Structures are given as C-alpha cells and as structure tokens.
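**Student:** Make a model of this:
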Amino acid sequence: MRWSVLFIKAIIVTLICCSFPLSLVFAQEKVAVIVVDVQGDFTTAKKGALAVPDTDDKFLKKVSDATVKLKKQGIVIYGTQDWHPADHISFAANHPGKKPFEAIQIDGRTQVLWPTHCVQGKEGAKVLVDNNLFQAIVKKGQNPKFDSYSGFQDDGGAKTEMDNILKAAGVKKLIIYGIATDYCVKATATDAQANGYKVVVIEGLSKGVAPDTTAKALEEMKAKGILLLKEIDMAKIKAM
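**Tutor:** Alright, predicted model coming up:
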C-alpha cells in the first residue's frame, strides 16, 4: 500500500512538471533594486561638485519614472547614499598642495582625490529619487579614513548593512543602476555578485564619469557574469 501511494504521488508530480513551466511550479527568486548614489553632487541637474556628464533633469526623470514603475510592480527598492564627513580622506581639499583627480598613495593603497562632495547633512548629499519609494537607503563613506564606492563595503573592508538587509528580505536577484557606472555602480554590482546575488546592471539608467573607464567597467562586469541590459526587461531578468 505504501509503495502504491508513493508511486501515485510521483506520477502526480511528474504530470504537474510536464504540464507547467518550472517557473510556475517553483516560486520565482525574489528581485530587488539598488539605486546607486543618485545625489545632487553627482548630477549636472544640480550643478553638483562632482557632476557626472549627462546627469541632467531628463536623466533624473528617467531614473525616477523607472523606479516608480518597478515599485508599482511590487519590487522592493533600496538605495545607496554617499555620506562623507567634512574631513574625508578622498577630498583633495584635505591634502594641502593636491588637486582633485590626482592619485596619491596612503598606507600602501592608491587614493583618487575628489572635489568635496556629498558632505553629511549638506544639500548636495540628498538623494534625488523620491525617498518614499525606498525600503532603506544605505549610507556609505562615513569613515573619514576610507573611501567607499560599493554599497556593500568600504575600501577598508568594513561592511555596510546592505547584505544583511537583503538576505533578511530573501532577495536573490538585484537590478542595479545609478551613478556612476565606472565607480559606484560597478563596485556595488561586483560586490553584490561576490555576496551570492544574481545581478543585472541597467546601462540606460546609469551614467559614467568617462567613456573609456565606463567601457572598461562594463566589460569587466560582463566578464564576471553580470547581466548588462540597455533598459529594464523583466522577462530576461526573471530568466536569469
């Protein structure tokens, strides 16, 4: 009798699997979004201190509209926010005689110097996408001794709360876009993958600092297996 019951169950499972796609039999992996550093100081729209080319009002609207649409589809939205103290090590102003975009050696590592940007509490640090859309905005770059491009950790290896938040929410796949493709988007995407997530970067919702470094960053992400899409395509994302 016991074997008969097991045999019948096996037949039922087989029929279900043959009749329906596996995506309908098994629950889809949970997808979330990380909007990276869409802040005033990184945009031409706000005449930011470290404005990335083509980050005008048109770009901001495109990012905002896409984020609203994803939210309406039930996808949880997270964000990252550069949040530097005034004495941050990456600011050229804190290194007498040095200029923005110079690279110096600090404790055996290369540090690119930037204009003073995204200072805690200042207007330029504000996230320009409607903050009500976000489940959480993870602040980064708060340690004055280390830069922090990634939303997951700073250059000293100190972790943010991003990974814990995502894993607690059961997230398996990440849609990532924002500013800048060749720095914080790339670092966040590669660290996300290293932490076990399936990752897609949306090129059309991201802007890079320079064409050459952006092209290199895209190639590096692609080589690591990160999916690159010009625009959001949920069918391709669900098929990852």
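
**Student:** Just after the helix-or-strand element of the chain with minimal mean pLDDT, pick out the following helix or strand.
**Tutor:** Sorting the helices and strands of the chain by mean pLDDT, DSSP states H and E puts helix 22-25 at the bottom, at a mean of 33. Remark: after helix 22-25, the chain's next helix or strand is strand 30-36, criterion DSSP states H and E.

**Student:** now that next one, how far from the centre of its chain.
**Tutor:** 7 Å (C-alpha atoms, centre = their mean, to the nearest Å).

**Student:** How about stretch 85-94?
**Tutor:** 24 Å.

**Student:** cool, stretch 50-70 as well?
**Tutor:** 14 Å.

**Student:** Equivalent analysis for stretch 216-236, please.
**Tutor:** So, by C-alpha atoms, centre = their mean, the centroid of stretch 216-236 is 12 Å from its chain's centroid.

**Student:** Quick check: buried residues in it?
**Tutor:** Applying a neighbour-count criterion of 16 or more other C-beta atoms under 10 Å, one finds 217-218, 221, 226-227, 229, 232 buried in stretch 216-236. Where C-beta positions appear, they are placed from N, C-alpha and C, glycine not excepted.

**Student:** Using a markdown table, lay out the residues you listed together with secondary structure.
**Tutor:** What follows is the buried residues of stretch 216-236, written out as a markdown table (DSSP: H, G, I helix; E, B strand; the rest coil):
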| residue | secondary structure |
| --- | --- |
| Ala217 | helix |
| Leu218 | helix |
| Met221 | helix |
| Ile226 | coil |
| Leu227 | strand |
| Leu229 | strand |
| Ile232 | coil |
